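Trainee: Structure for this input, please:
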Amino acid sequence: MSALEKALARIAPVVKEGEGSPIRKIKSLMEARPDMLSLAMGEANFPPPEELLDAAVRALRGGRNLYTSTNGIPAVREAVARFAARWWDADLDPERHVLMTVGGMEALHLAARILVSPGDRVLLPDPGWGMTRVVHERLGAELEFYPLRRDPAWSIDVDAILERLDPGVKVVAVNSPSNPTGAVLSREGWSRLLEATREMGVFVLSDEVYHNYAYSEPYTSSLAFGPPDNVVVVQSFSKTFAVTGWRLGYAVAHPDVLRQMATYKESISLCSFSVGQFALAEYLDHSDPYLAWANDLCRGNMERVVERLDGLPGVRCAMPEGGFYAFPDLSEIEPSCQLQTERLLTGGVAVVPGGFFGGEGVGCLRVGIAAPYEQIAPALDRFEERVVAWHQA
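Mentor: Below is the predicted model:
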C-alpha cells in the first residue's frame, strides 16, 4: 500500500455520496447534453429587480467588498425587521432576532446544529425537501415523518402533526409553501401548532423561503403569532428576488438560540455576502411592486402548466396552494418515479423524481414553473409527447 493509499484509508466517510440531490446530477447531465430542456430548476429563472442590481453595483463600486459583522450589517437587519412587520405583522428586534446567513441552506444547517443532538426526535414532512432530511440525519436525529394531505391538492394537515407530537419530540419542521408540493399551512393550522408546541416545549423549524408564492389565500408566516420564542425561521432572498447565486438569506430566532447560531457561523463562513447585504438594505423597503410582479408571473405559469399536465392521459395534477413547482402524479402510467424520470430524460426533458422528497412522493414528478412561459413551453411539449406515447404503448 502506498503512502497516499494509507492516508486515504484513514479517512472515515462523513457522508454517503449517493445521498446527494438528483438535481445536481441533472445539472451535470445538462452540461453534457446542451439539447436537454429542463423543468427541474429549483430557482427563480427570471430577471431580478433592476433597482436591486443598481444598488449592488453602487455597493460594489463604493468599496463594500470587505468582511461584515457575523450577524450582518445593522442596516440590512433593520430592513428585514421592517419587511417582516409590513408583510406579516411581526415584531422583531433586528439586533436580537435576525441573523444574516449564506443562503437559506446555512440558516437551516445552523438551526439544526444548535437545536438537534444525536438521538433527538425530529418530525419532518413527507413529501418534503430532501436536504432537510439529510441535514438532520447527519446530526444523528431520530426522524419521524408526518404525511401531507392530498384531496386532490396537497395541503399541510396540522392534525397529522399533532397526532405525532409529544414532549419527547425536540423539533417539528414545517415548509410552507412546500417544496415540492406547494402545500401551505393555514393561519388556523399555525395557531394550533404553535399553541401545542409552546405548551410542550418543542421547537418549530419553519422554512419559509417560498413565502412570496402563495396563490389560494394570503400567506401566513409563523412570525405573525408573536415573538419567535420556540420558532426558528429559515428565509432566503434567492427565491424572492431571483438572486440564487448571491447566497444570501437570514434566520429569525429567540436571542438565546440566535447567539449560538451566530457563534457557530463565525467558525464556518464568518459573514455573509457583503455587497448583497448593502444592496438589500437599500432596496428592501421598495420591493413590493417586484414581489407582486413575481407572484403574478408564477401564478399565471402555474395555472397554465397545471392545466396542460392535468389534461394528459394518465396524469393527475391539482393546482398547488403555493410555491413554484407543479407535482403531477403519473403513477397510473408508471409507479416508479425513477423510471418516469429516466424515460423523460431520453425524450430530452429533465424533471425531479418525487421519491427524492419521501415515500409519499413516489409516483410523482417535480416540475419547475419559475421562468418566462416561453422557456417552459418547449419543455412541456417534450413532456407531453413522451407521456402520450408512453400511455399508448
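Trainee: If you rank every helix and strand of this structure by mean pLDDT, what lands last?
Mentor: helix 22-32 (a mean of 65; mean pLDDT, DSSP states H and E).
Trainee: pLDDT of the next helix or strand along the chain from that one, averaged?
Mentor: Toward the C-terminal end, the helix or strand that comes next after helix 22-32 (DSSP states H and E) is strand 37-38. Averaging pLDDT along strand 37-38 yields 92.
Trainee: And for the next helix or strand after strand 37-38, what's in contact with it?
Mentor: With elements assigned by DSSP H and E, the helix or strand that comes after strand 37-38 is helix 50-61. With contact meaning C-beta atoms under 8 Å, 6 or more residues apart in numbering, helix 50-61 is reached by 241, 243, 274-276, 278-280, 282-283, 286-287, 290. The C-beta positions use only the backbone N, C-alpha and C, and glycine is treated the same way.
Trainee: mind listing the strands for the stretch 201-350 of the chain?
Mentor: In the stretch 201-350 of the chain, the strands defined using DSSP state E, counting those that start in this stretch lie at 203-207, 231-236, 249-252, 325-326, 349-350.
Trainee: and if you look at the stretch 51-200 of the chain?
Mentor: 98-101, 121-126, 142-147, 149-150, 154-155, 169-175.
Trainee: ok so, going back, from the contacts of helix 50-61, keep the buried residues only.
Mentor: Buried residues within these, defined by neighbour count using 16 or more other C-beta atoms under 10 Å: 241, 243, 274-276, 278-280, 282-283, 287, 290.
Trainee: farthest-separated two in those?
Mentor: Of all pairs drawn from those, the greatest distance, 22.2 Å, lies between Ser274 and Tyr290 (C-beta to C-beta).
Trainee: okay, now Gly140: neighbour count?
Mentor: Residues within reach of Gly140, counting by other C-beta atoms under 10 Å, total 11.
Trainee: Same question for Leu4.
Mentor: 8.
Trainee: got a list of contacts for the helix ranked longest in the chain?
Mentor: In the chain, taking DSSP state H as the definition, the longest helix is helix 288-310. For helix 288-310, contacts defined as C-beta under 8 Å, 6+ apart pick out 44, 46, 49, 51-52, 212-215, 240-242, 315-320, 324, 326, 328, 367, 369-373, 376, 380, 383-384.
Trainee: Okay, buried residues for it please.
Mentor: Buried residues in helix 288-310 (16+ other C-beta under 10 Å): 290-291, 294-295, 297-299, 301-302, 305-306, 308-310.
Trainee: now do stretch 317-332
Mentor: Along stretch 317-332, these residues count as buried under the neighbour rule (16+ other C-beta under 10 Å): 317-331.
Trainee: re earlier: go through the strands of the stretch 51-200 of the chain and find the least confident stretch.
Mentor: Mean pLDDT is lowest for strand 149-150 among the strands of the stretch 51-200 of the chain, at a mean of 92.
Trainee: tell me the mean pLDDT over the longest helix of the chain?
Mentor: 98.
Trainee: Just give me how far it sits from the chain centre.
Mentor: In terms of C-alpha atoms, centre = their mean, to the nearest Å, the centre of helix 288-310 is found 18 Å from the chain centre.
Trainee: try stretch 66-73
Mentor: On the basis of C-alpha atoms, centre = their mean, stretch 66-73 sits 24 Å off its chain's mean C-alpha point.
Trainee: Quick one: residues in contact with that stretch.
Mentor: By C-beta under 8 Å, 6+ apart, stretch 66-73 touches 77, 95, 98-100, 250, 262, 265-266, 270-272, 274, 277-278, 281.
Trainee: Repeat that for stretch 262-278.
Mentor: Here stretch 262-278 makes contact (C-beta under 8 Å, 6+ apart) with 55-56, 59-60, 62, 64-73, 75-76, 99-102, 106, 110, 113-114, 237, 243, 246-249.
Trainee: Now the terminal residues of that stretch, how far apart.
Mentor: By C-alpha to C-alpha, to the nearest Å, the extent of stretch 262-278 from end to end equals 19 Å.
Trainee: Same question for stretch 315-329.
Mentor: End-to-end distance for stretch 315-329, by C-alpha to C-alpha: 6 Å.
Trainee: coming back round to it: okay if I get the buried ones among the contacts of helix 50-61 as CSV plus distance to Ala85?
Mentor: Putting the buried ones among the contacts of helix 50-61 into CSV (distance: C-beta to C-beta, whole Å) gives the following:
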residue, distance to Ala85
Phe241, 19
Val243, 23
Ser274, 25
Val275, 25
Gly276, 21
Phe278, 21
Ala279, 21
Leu280, 16
Glu282, 18
Tyr283, 17
Ser287, 14
Tyr290, 19
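Trainee: Alright, that wraps it up for me.
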